[in-house]
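Engineer: predicted model, plus sequence, below.
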Amino acid sequence: MGQSSTGPGDGSGPLEGACGVTAGEGSSDLGRPDLGRRGLLTLMAAVLAGAAGAGPVLTVARGRTRLTLPLAHAAPWRLSAALDPPRLLLDMPQAPKGWPARQAGKGLVTRLEQHRRGSGHRLAILLTRPVALPVTRVSSHGLIIELAPGPASGFARIADGRSLAAAARPRTSLPLVVLDPGHGGKDPGAIGVRGTQEKRITLAAALELKRQLEAGGRCRVLLTRSRDVFIPLGQRIELARQREAALFLSLHADSAPGARGASVYTLSETATDRFSAALARRENAADQRGGLRLPSVPPEVQRILLSLMRQETRSGSEQLARFAVAALGGEVPLLPHTHRRAGFVVLKAPDVPSALVEMGFLSHPADEAALNRVDHRKKLAKALAETITAYLGTRHAALAEL
Ligand SMILES: [Zn+2]
């Protein structure tokens with residue numbers, strides 16, 4: 001905090017800390033994969049394409065047999081083969097819901113049987129004859145196994161219990177939260193009536209929030225800066241986008257004549273009031289760079305993708321802000337009309353739900369005194385940690401249930 005200003009690229013970039021909890025195998029909330037924005041779009045596509053049926057489906061065409069197994073996208077599985085009789089074995093940690101214990105076959109499949117196997121579960125795919133090495137792929141309908149007739153000698157070579165195919169290792173990382181301590185380095189931000197620099201308050205608050213979030217074990221936390229350095233606004237957004245952050249929270253304590261208390265801002269092209277517009281103008285002036293880099297796909301696809309992402313991102317940002325207002329209200333004084341909207345550059349990522357929190361105003365002597373106190377910053381951080389945990393809980397639970 002007391003370090004002198006240094007430029008970007010001095011090696012003091014983002015600070016990341018993993019939580020003390022390692023993700024389980026989908027056994028609890030903590031193990032839930034972070035779907036990310038791109039994952040969400042894939043999921044939307046899958047839902048639009050129609051959910052798979054309850055049990056395995058066999059189809060036959062041109063001498064080949066296709067087995068479609070409705071499994072959750074991230075479900076682990078392993079496929080092997082065995083002889084006498086020729087069969088394929090699909091091992092899974094749990095019995096899939098709604099699959100019949102026995103099911104008649106079709107084409108190259110005599111029948112399907114479900115077995116308990118140790119602490120896990122096995123689907124035996126009994127075959128009418130030896131098959132060539134099965135081709136597997138995972139689609140929105142689940143796991144698809146394509147079977148074609150093959151020589152007995154070839155089948156004998158693969159039927160030795162080794163793995164023929166397995167689910168890609170699921171992403172078990174916890175969702176990533178990017179915290180953005182406003183200003184830094186050559187940009188001190190607002191200066192309080194007693195000389196407090198905004199950049200020091202925002203960093204101290206972000207570090208405390210990071211500590212509390214990591215103690216909670218529900219997310220990973222990345223700071224856009226962990227020291228007194230200048231980071232352009234565009235670079236802060238890019239960091240969150242590149243790392244597919246679940247959310248981006250920018251922390252500030254600006255100056256605004258007469259204003260007092262905490263407030264929360266989400267992006268809007270038009271500000272809700274002149275006060276918010278002026279605040280956004282001042283923040284944006286800290287850096288004029290804020291252009292978005294869009295994926296290199298045809299313009300019409302880009303338009304649809306962006307529209308979907310923006311819609312989802314906007315609703316996420318609004319929810320984040322609502323939670324923040326509710327949580328902050330229990331801990332610290334609030335600015336009237338606490339949730340406001342304005343065109344902050346730092347909130348413009350089209351694919352990362354973002355909010356900006358003005359923790360108070362350094363231009364107000366009472367706020368300045370409070371923000372300088374460790375216990376007050378702890379209260380702010382507690383409210384924001386609750387906000388983030390609640391947000392991640394609802395968003396990720398909702399996605400996991402689809
Ligand atoms: Zn600021």
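Structural biologist: Cool, got the structure.

Engineer: buried set for stretch 149-156?
Structural biologist: Buried residues in stretch 149-156, counting neighbours by 16 or more other CB atoms under 10 Å, are found at P149, G150, F155. (C-beta placed from N, C-alpha, C; glycine too.)

Engineer: next step: those restricted to helices.
Structural biologist: F155 (DSSP state H).

Engineer: what's around the residue of the chain found nearest the ion, how many residues?
Structural biologist: Closest residue of the chain to the ion, CB to the ion: H252 (3.4 Å). Neighbour count of H252, defined by other CB atoms under 10 Å: 28.

Engineer: name the nearest residue to it, sequence neighbours excluded.
Structural biologist: In space, and not counting its chain neighbours, H252 is closest to G182: 4.1 Å by CB to CB, 6 or more residues apart in numbering.

Engineer: what's the local residue count around the one you found?
Structural biologist: 30.

Engineer: pLDDT at it, what is it?
Structural biologist: Looking at G182, its pLDDT stands at 94.

Engineer: need the contact list for it.
Structural biologist: By CB atoms under 8 Å, 6 or more residues apart in numbering, the contact list for G182 reads G189, E198, K199, T202, S250, L251, H252, A253, E283, V346.

Engineer: most surrounded residue in those?
Structural biologist: Neighbour max across those (other CB under 10 Å) = A253, 31 neighbours.

Engineer: how near is it to V374?
Structural biologist: Separation of A253 from V374 (CB to CB, to the nearest Å) stands at 15 Å.

Engineer: distance check, A342 against A327.
Structural biologist: For A342, the distance to A327 - CB to CB - is 21 Å.

Engineer: cool, and D273?
Structural biologist: On the measure of CB to CB, D273 and A327 end up 23 Å apart.

Engineer: so those two - more neighbours on which side?
Structural biologist: A327 (21 against 12).

Engineer: hang on, the more buried one is in a strand, isn't it?
Structural biologist: No. Per DSSP: H, G, I helix; E, B strand; the rest coil, A327 lies outside any strand segment and is helix.

Engineer: count the residues that sit near the nearest residue to it once chain neighbours are set aside.
Structural biologist: Of all residues not flanking A327 in the chain, A383 sits nearest, at 4.0 Å (CB to CB, 6+ apart). By other CB under 10 Å, the residues close to A383 number 24.

Engineer: what's near enough to touch A383?
Structural biologist: By CB under 8 Å, 6+ apart, the contact set of A383 is A324, A327, L328, G330, E331, V332.

Engineer: list the buried residues for the host helix or strand of it?
Structural biologist: In this structure, A383 sits in helix 374-401 according to DSSP states H and E. Using 16+ other CB under 10 Å as the burial criterion, the residues of helix 374-401 that qualify are 376-392, 395-396, 399.

Engineer: again with stretch 253-265
Structural biologist: Result for stretch 253-265 [16+ other CB under 10 Å]: buried residues A253, D254, S255, A256, A259, R260, G261, A262, S263, V264, Y265.

Engineer: in CSV, list these along with secondary structure.
Structural biologist: As requested, the buried residues of stretch 253-265 are exported to CSV (three-state DSSP):
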residue, secondary structure
A253, coil
D254, coil
S255, coil
A256, coil
A259, coil
R260, coil
G261, coil
A262, strand
S263, strand
V264, strand
Y265, strand
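
Engineer: which of the residues you listed has the weakest pLDDT?
Structural biologist: A256 (87).

Engineer: pull the number of nearby residues for the closest residue to that residue other than its chain neighbours.
Structural biologist: Using CB to CB, 6+ apart and skipping the chain neighbours, the partner closest in space to A256 is F361 (5.2 Å). Neighbour count of F361, defined by other CB under 10 Å: 28.

Engineer: what is the burial count for L71?
Structural biologist: Counted with other CB under 10 Å, L71 comes out at 20.

Engineer: typo on my end, L143
Structural biologist: For L143, the neighbour count with other CB under 10 Å is 24.
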